[in-house]
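Undergrad: just coords:
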């Protein structure tokens, strides 16, 4: 053959392409029902966008970006989606808070291996303008529900907190001091990372380094009061939502913009590189790119990696109305989660408010999310066995029993 595809790329056709397209259809449908709007950004961007956001000393920027010059300007093929989404939000002045879904090809000069390619597809979500612990937990729960709808099993979730700049500054001194007598025993990459991007040493795959870091002080044990409270609340909400997870105090992210909560979804069939979804909070990034100080959280998954864990599934997308459920207290979350599933199973969109917010704040949030129906669920509704359903367009409100609610959902299709 005279012409062949470049190393680390592949041709998609037949059954594999059909499976990928079905996953994309399901992702669009599922996240639409959770209030996300799809966004598409260019395949290539100015190089400075990723140098600024990802970090000049990360492996992606130093080793993995496909860069080129044209007309005295430096560009790169997009290596990840978050920075491009935030750039698009800022440039087009999109309204916030906002929820965004992207499905796109990314490009990195990684060593090709099982499920990892130099051109690969990512599905990612970003929530901009929500900084509360409930949002962290709900984002993880959404991914968990999505994979169960796909038919995935045997995967597991790992979480950690890497704190804020204040935490990390103090922790770096503690870690460097602890490592000082053993610095000569770690690999060259770790010595470089310790100077430039020190949390990345815990990502090292060299066995000798891992043995050393096993006993090292961990960032999770050195959080400031605010970050510790945030992390504790995230875990509390995950417990309430019945999301199974493991704490991994060595879990970090390879990009500079992450703060506080980080998490990964892993599967044993993927071998040593067992992660197929990774994400976390990045509250500083919007301001660093020239916008306002906006809290944000998101995740991205490799579709090729996901395919290795899945059976074939053929779900159909659906359309429906937009609901916003207002829980009047943390203890009502289990009821509200069940209610959301009932609404979404009927093909409708459903968002949940923050149970620690006042009724007024939650109603304002429902309005910003253009909810057509608001369901207020408080202790009175729970005790008396009904839902208070408000039609936002007609400004009408009525009480509906759980037995009548399925009929109501079908009538408003």
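TA: Perfect, thanks for sending it. Not measured: the values here are computed from a predicted model. Residues are numbered from 1 along each chain as shown.
Undergrad: what about the strands in the stretch 251-400 of the chain?
TA: 259-266, 275-281, 296-302, 322-327, 349-352, 373-377, 387-391, 396-400 (DSSP state E, counting those that start in this stretch).
Undergrad: nearest to residue 339, of those strands?
TA: Closest approach to residue 339 among these (CB to CB): strand 322-327, 5.9 Å. Every residue, glycine included, has its C-beta placed from N, CA and C.
Undergrad: okay, buried residues for stretch 356-372 please.
TA: 357, 362-363, 365-366, 369, 371-372 (16 or more other CB atoms under 10 Å).
Undergrad: ok, those vs residue 74, which is closest?
TA: residue 369 (38.5 Å).
Undergrad: what separation do you get for the closest one and residue 38?
TA: Distance of residue 369 to residue 38, computed by CB to CB, to the nearest Å: 16 Å.
Undergrad: mind checking pLDDT for the residue nearest to residue 113 when sequence neighbours are not counted?
TA: Excluding its sequence neighbours, the residue lying closest to residue 113 (CB to CB, 6 or more residues apart in numbering) is residue 273, at 6.7 Å. For residue 273, the model assigns a pLDDT of 81.
Undergrad: mind checking the backbone torsions on residue 273?
TA: Residue 273 adopts backbone torsions of phi -90, psi 80, taken as degrees, to the nearest 10.
Undergrad: pull up the gap between it and residue 299, please.
TA: If you go by CB to CB, the gap between residue 273 and residue 299 works out to 17 Å.
Undergrad: for residue 223, which of the strands of the stretch 251-400 of the chain is the nearest?
TA: strand 259-266 (8.8 Å).
Undergrad: could you check how far that closest one is from the centre of its chain?
TA: 8 Å (CA atoms, centre = their mean, to the nearest Å).
Undergrad: who are the packing partners of that strand?
TA: Where contact means 3 or more CB pairs under 8 Å, 6 or more residues apart in numbering; DSSP states H and E, strand 259-266 is packed against helix 133-150, strand 156-161, helix 225-240, strand 275-281, strand 296-302.
Undergrad: and the nearest residue to residue 137 once chain neighbours are set aside, what does it touch?
TA: Nearest non-adjacent residue to residue 137, counting by CB to CB, 6+ apart: residue 237, 3.4 Å away. Neighbouring residues of residue 237 by CB atoms under 8 Å, 6 or more residues apart in numbering: 133-134, 136-138, 333.
Undergrad: farthest pair in those?
TA: 136 and 333 (14.1 Å).
Undergrad: higher neighbour count, these two?
TA: residue 136 (29 against 19; other CB atoms under 10 Å).
Undergrad: give me the pLDDT for that one.
TA: Residue-level pLDDT assigned to residue 136 equals 97.
Undergrad: tell me the contacts of it?
TA: 230, 234, 237, 260-261, 281, 297.
Undergrad: and the spatially most central residue of the chain, bridged to which residues?
TA: Centroid-nearest residue in the chain, with CA atoms, centre = their mean: residue 299, separated by 2.4 Å. Residues in a beta bridge with residue 299, per DSSP bridges, are residue 125, residue 279.
Undergrad: follow-up on the earlier one: which among the buried residues of stretch 356-372 gets closest to residue 9?
TA: Nearest to residue 9 among the buried residues of stretch 356-372, with distances taken as CB to CB, is residue 369, at 39.3 Å.
Undergrad: returning to that earlier point: so who does the residue nearest to the centre of the chain touch?
TA: Applying CB under 8 Å, 6+ apart, the residues contacting residue 299 are 124-125, 139, 143, 263, 277-280.
Undergrad: for residue 187, same thing?
TA: Counted by CB under 8 Å, 6+ apart, residue 187 has contacts 204, 206, 208-209.
Undergrad: just to revisit the earlier point, got the contacts of residue 237 as TSV, with distance to residue 45 columns?
TA: Formatted as TSV, the contacts of residue 237 follow (distance: CB to CB, whole Å):
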residue	distance to residue 45
133	32
134	32
136	28
137	32
138	30
333	39
